[in-house]
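**Q** Could you look at this predicted model? Sequence included:
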Amino acid sequence: MKSNKSVGRTIGRAVIFIVLLILAISFLYPLFYMLINSLKTLKGYYRSPFALPDEKLQWSNFATMISQFKILELFKNSFIISFLSVVGLILFGALASFAFAKVDFRGKDGIYLAILATLFIPTQVTIIPMYVTFAKMHLVDSFIGVVLAYWAAFLPETIMLMTSNFKGVNDALLEAAAIDGCGYLKQLRNVMLPMGWPAISLSIIFFFINTWNDLFTPMVLLKSMDKRTVMVALSSLIGRYTGDPPFQYAGLLLSAIPALLVYVLFQRSIINGMSMGSVK
Amino acid sequence: MKKAISVLLVFVMLIGMTLALTGCGSTKTTSSAASGSSAATTNAKLTLWINGKDSYISPDEQKLSQDQWYISQAIKRFEDANPGVTIELVVSADGETAHQTFKADAVAGTAPDMANLWTGQYTFQLEDAILDIKDLIPADDKKNITGWDAVTSTNTGAILGYPTSDNQVCFFLYNKTIIKECGLDFEKDPPRTIDAFNKACDAIAAKGYQPIASDDGSFPWFGCYVMNYWWAQQSGVDRIVSNCAGKTKFADDAGLISALTYYRKTMTAGYLNSDAVTSTDSWNKFCQGKVAMTPQVSSVIGDAEKALGADNIGVILPPDFDGAKITNSTIGGPGQDIVISKATKNPDLCIKFLSFLNSKDEVLKFEKVQQKVPTRTDITAADIGVSDTSATAKLFKFSGNMVFWIDNTLTSDVCSEYCSQMPMVLSGQMTPEDFAKDLDGIAAKSAK
Amino acid sequence: MPSKTQGAASLRRGTFQQRQKRSALLSILPVAVILLAIKAYPIAATVYRSFTNWDGLYKSDFIGFANYADFFSSGLFAKLLKNDLVLLLSVPLQIVIGLIVAVLLYEHVPGWRAFRAIYYIPQIISLVILGYLFKSMFSLDGPVNQILRAIGLGKYAVEWMAHGSTALPVMVGCITWYSIGWQVIVILGGMASIDASVFEAARLDGAGFWSRTFKIVLPMLVSTLTYCVVMSVVWTFTGLFSLIYSMTGGGPGYETMTLDYMIYEKSFVSGTQFGMACAISVVLLLIVMLITAAEMKLSNMAEKAWG
């Protein structure tokens, strides 16, 4: 009886593992696809996008990306925008989330809902009036305009994420801090931030990647060639009649690297599994 | 209170930080051009938007640094000839979005001096923000450049810009080897009637090749390049315009129904690839020699010659319906223009630049970088160094007699409905009659 | 609650509660300012313009509810809403699969570290690329159909993206696949606040995987799951633009078009129907608000029930 059960369980575990493995392979496939295509010649790409490169590997695509296309300078622009966006989101988000999660005040639910409601309007709609406002304030074609647009776009989501996470923090810890003489900000720093670190890591990952990959907002708000972000610059490589997909894929792969790095850096802070208890 | 102040301080600091950083960023944009000339009489700075795709900048040029692009060098030549003038080049990443940002800028009062837009309705709908240059264009330019129809407003008759030097021609690009193998000769004996065309496609299909291939899903290319010609040649362009104005009906437009029916037939008869509504690889297949014909525009000739060899590709006009009002013609015309916004402070300087850009000299220099059929009538195929027997030379010939892009002639509301619903007709999910009725509904609404 | 044991200093600045309240309001201030300054005008402008025939430039005459009447009577609304609702089916799929995977990773299935890293990768790749890739895979002679034909299921090897009835399920699949990583990571983050000892105890008691997941984990994750549901629903209604753009462009016809994409069509593509685009935005806003309010209510009820 016991051996049947454990055989069953082992088979079950094996099946689960295989399913997870297949999913993982499918998740890796797009990167693989981009890699093999970035190493093809244009002709090779047209012959078959799915096959492996059959001619000499075109590492030159990557070299040209860095030297002539100056992708590293584009990285700088994207990075400034993403970094400032994330910093602002975390700062303002954490401040506000603490209030929503742990303090009771009049009109809390109403304000919370109002903040959420701004999420429900897609960017396509708000971009033009926003553009007009920014133009009047001379914020068009400036990084700060894009950063402000991102703050406005992502703060509701940040607050939602952090609030739901902060709510789970044990009230007793806060009280202890208050007795120790911690004011609002100290409580935030000493209690909420360490306990709410998963939410903060999540936010850093989400919003860095989101702002890094975003095409629409910088395309509309930024004009100067030297302020372009990576994604906008890469999107101009494929037109209606002509285009160089392998070259573009090389650029896309390179631009995935910073995003991947941020993810790898911060994802360890998220739950490590059962080894991490909440009893401190 | 101390805590509140520190919160506010952090807020202010953050804003300050970003402002400072962007301050560092923007000092770089004061253009490096025209550094020397201080004794200028006209110290003017103009902004010029150019589309990053399918316009003055080729994908090959994108691999070079910006100052090596044709357009940058043309600007430099103009600046050198006009001391005190600087032109800032701004590349619009997406041609479609450029129209919206131009609009938004116009409303905000920050429109550029000159902008590269798409001709026809795309430009006409921005008319309120664009300068009418009818009286400013030098007479020589009016004489030596074609394509002014494409930029003359159907609403007010104003001339809204210079057509770019890219007089696109639509045609069937064909693979000479395959055609020969099927016992046909499209150079000596091209199929000029629908009947002859059907027979040719049958012969090609019998040999196991795909007669026609096109990706008509996300945008109906075959529809806009060729089917629109079949429509225009049977109904006449005036009829199409009055349909859009609601004065006549699409539903009664026999030419439209006939063209759409034949369009659908090319798929049911197996002439057109059966997955035309979702495919993305018809160009690949053509380049691999699996497809005999594909409806295309001038811009692809370069790629086609690279893929199959200049001796192996040819171009033919689309066949004509019996009794058509227009024959031996095709769709074409400049698809893009450069407009001058009403808000510019230097209209004369802008005209000077556009005239310069379209001068014979400049166009010849441009042709060295990207071979296109120019809008200047005083440049021949020989001037560009194109051999008489090449496909491009033939396109030069075709370009003398074209029907301007029908999708740019339709009003924008009708056009977007038209382009969205065409795949439904092609795949048989909507009848041509229902399609026409749908268009009538749209036309009626916008006519109000 | 040690509210009055602070001393003279605190009495000057008010009670602890009062100070907390003041600080709370002040900390919401930056957010409120940013949102008001940047979002309020565009939203107000959108609502106002929805009642006009604005063409994006200078023409803007008041036409009352004409845009709305047009939109609802044209049959377009019904079709777009239907498409949105079909795509919404991906949400329960994402969350259930995400929850199962998250618990598996939490329990340190072999390779859990690698899986956790890899599962998020689709989120790092632009949706436009993924949409295009899926479209190629499901093309008439693409890999999916090739496999179907090879295993004898050739009659199912159709032109997937050519009909709404087959394209929408493919899109649901793509959205689900893409979102699994996101769900896993958010849920794992939420599981940080689960008391590991309760979990251990249940395991030792012999509770099976399913009862562990659905009877123990689920009730403790109410607020996290609420976040997942709300954000996924909102994203389905407002964030799928890139995917639809690259997969079908809303086509053929309007078969795979959503409310959100139609707004883009009417404003950016058509170019003159900005007033109508605004009206559709308002309709979308109301629908999403309604659904979210319903979700929050359900979530409150669940929280009270499972505490």
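**A** Yep, it's here. Numbers count the residues shown, from 1 in each chain, chains lettered A, B, ... in the order given.
**Q** Can you pull the phi and psi angles for the residue nearest the centre of chain B?
**A** Residue closest to the mean C-alpha point of chain B, counted by CA atoms, centre = their mean, is residue B:335 at 3.0 Å. For residue B:335, the backbone dihedrals (degrees, to the nearest 10) come out as phi -90, psi -10.
**Q** quick one: secondary structure of the nearest residue to it once chain neighbours are set aside?
**A** Leaving aside its sequence neighbours, residue B:335 sits nearest to residue B:168 (CB to CB, 6 or more residues apart in numbering or on different chains; 5.2 Å). Every C-beta, even on glycine, is put in place using the N, C-alpha and C of the backbone. With DSSP: H, G, I helix; E, B strand; the rest coil as the basis, residue B:168 sits in strand.
**Q** residues near residue B:168, how many?
**A** Residues near residue B:168, counting by other CB atoms under 10 Å in any protein chain shown, number 25.
**Q** which ones are touching it?
**A** For residue B:168, the contact set (CB atoms under 8 Å, 6 or more residues apart in numbering or on different chains) comprises B:297-299, B:332-335, B:372-373, B:405.
**Q** now residue B:269
**A** B:198, B:201.
**Q** distance of it from residue A:162?
**A** 61 Å (CB to CB, to the nearest Å).
**Q** Return the set of residues that bridge with the residue nearest to residue B:335.
**A** residue B:333 (DSSP bridges).
**Q** which stretches of the stretch 151-300 of chain C have low pLDDT?
**A** Within the stretch 151-300 of chain C, the ranges that satisfy pLDDT under 70 run C:193, C:195, C:271.
**Q** do the same with the stretch 151-280 of chain A
**A** In the stretch 151-280 of chain A (pLDDT under 70), the answer is A:238-243, A:270-280.
**Q** For it, just list every one of the helices.
**A** In the stretch 151-280 of chain A, the segments counted as helices under DSSP state H, counting those that start in this stretch are A:171-179, A:184-187, A:193-195, A:197-213, A:216-221, A:230-235, A:245-267.
**Q** try the stretch 51-200 of chain C
**A** For the stretch 51-200 of chain C, helices defined by DSSP H, counting those that start in this stretch occupy the ranges C:66-73, C:76-88, C:90-106, C:112-119, C:121-124, C:127-137, C:143-150, C:164-191, C:196-204.
**Q** what's the closest of these to residue B:318?
**A** Each of those has some distance to residue B:318 by CB to CB; the shortest is helix C:127-137, at 28.7 Å.
**Q** Give me the packing partners of the closest one, helices and strands only.
**A** Where contact means 3 or more CB pairs under 8 Å, 6 or more residues apart in numbering or on different chains; DSSP states H and E, helix C:127-137 is packed against helix A:2-38, helix C:164-191, helix C:241-247.
**Q** right, is the first one up against chain B?
**A** Right, helix A:2-38. No - Helix A:2-38 is not in contact with chain B by CB under 8 Å from any CB of the partner chain; minimum separation 12.6 Å.
**Q** That helix packs against which elements?
**A** If contacts are counted by 3+ CB pairs under 8 Å, 6+ apart, helix A:2-38 sits against helix A:245-267, helix C:90-106, helix C:112-119, helix C:121-124, helix C:127-137, helix C:164-191.
**Q** can you redo these as CSV with distance to residue B:195 and mean neighbour count?
**A** Below are the helices and strands packed on helix A:2-38 laid out as CSV (distance: least, CB to CB, whole Å; neighbours: other CB atoms under 10 Å in any protein chain shown):
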stretch, distance to residue B:195, mean neighbour count
helix A:245-267, 40, 20
helix C:90-106, 50, 21
helix C:112-119, 59, 18
helix C:121-124, 52, 21
helix C:127-137, 37, 21
helix C:164-191, 36, 22
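**Q** got CSV for the helices of the stretch 51-200 of chain C, with distance to residue A:98 too?
**A** Shown next, in CSV, are the helices of the stretch 51-200 of chain C (distance: least, CB to CB, whole Å):
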stretch, distance to residue A:98
helix C:66-73, 41
helix C:76-88, 33
helix C:90-106, 26
helix C:112-119, 28
helix C:121-124, 27
helix C:127-137, 33
helix C:143-150, 48
helix C:164-191, 17
helix C:196-204, 25
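**Q** Figure out which of those is closest to residue A:231.
**A** In terms of CB to CB, the element of the helices of the stretch 51-200 of chain C nearest to residue A:231 is helix C:127-137, at 9.2 Å.
**Q** Other residues contacting that closest one?
**A** A:30, A:33-34, A:49-50, A:215, A:252, B:278, B:280-281, C:122, C:142-144, C:161, C:170, C:174, C:178, C:242-248.
**Q** Can I get the buried ones among the residues you listed as something I can paste into PyMOL?
**A** For the buried members of the contacts of helix C:127-137, the matching PyMOL selection, counting by 16 or more other CB atoms under 10 Å in any protein chain shown, is:
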select buried, (chain A and resi 30+33+34+49+215+252) or (chain B and resi 278+280+281) or (chain C and resi 122+142+144+161+170+174+178+242+243+244+245+246+247+248)
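**Q** still on that earlier bit, where's the residue nearest to the centre of chain B relative to residue B:237, distance?
**A** Distance, residue B:335 to residue B:237, by CB to CB: 17 Å.
**Q** does the helix or strand where residue A:134 lies come close to chain B?
**A** Using DSSP states H and E, residue A:134 sits in helix A:123-136. Yes - for helix A:123-136, a contact with chain B is found by CB under 8 Å from any CB, at A:128, A:131-132, A:135-136.
**Q** Look up the pLDDT of the residue of the stretch 201-350 of chain B found nearest chain A for me, please.
**A** In the stretch 201-350 of chain B, the residue that lies nearest chain A is residue B:299 (3.8 Å; CB to the nearest CB). Residue B:299 carries a pLDDT value of 82.
**Q** Equivalent analysis for residue B:235, please.
**A** Taking residue B:235 on its own, its pLDDT is 95.
**Q** Could you do residue B:97 as well?
**A** At residue B:97, pLDDT is 82.
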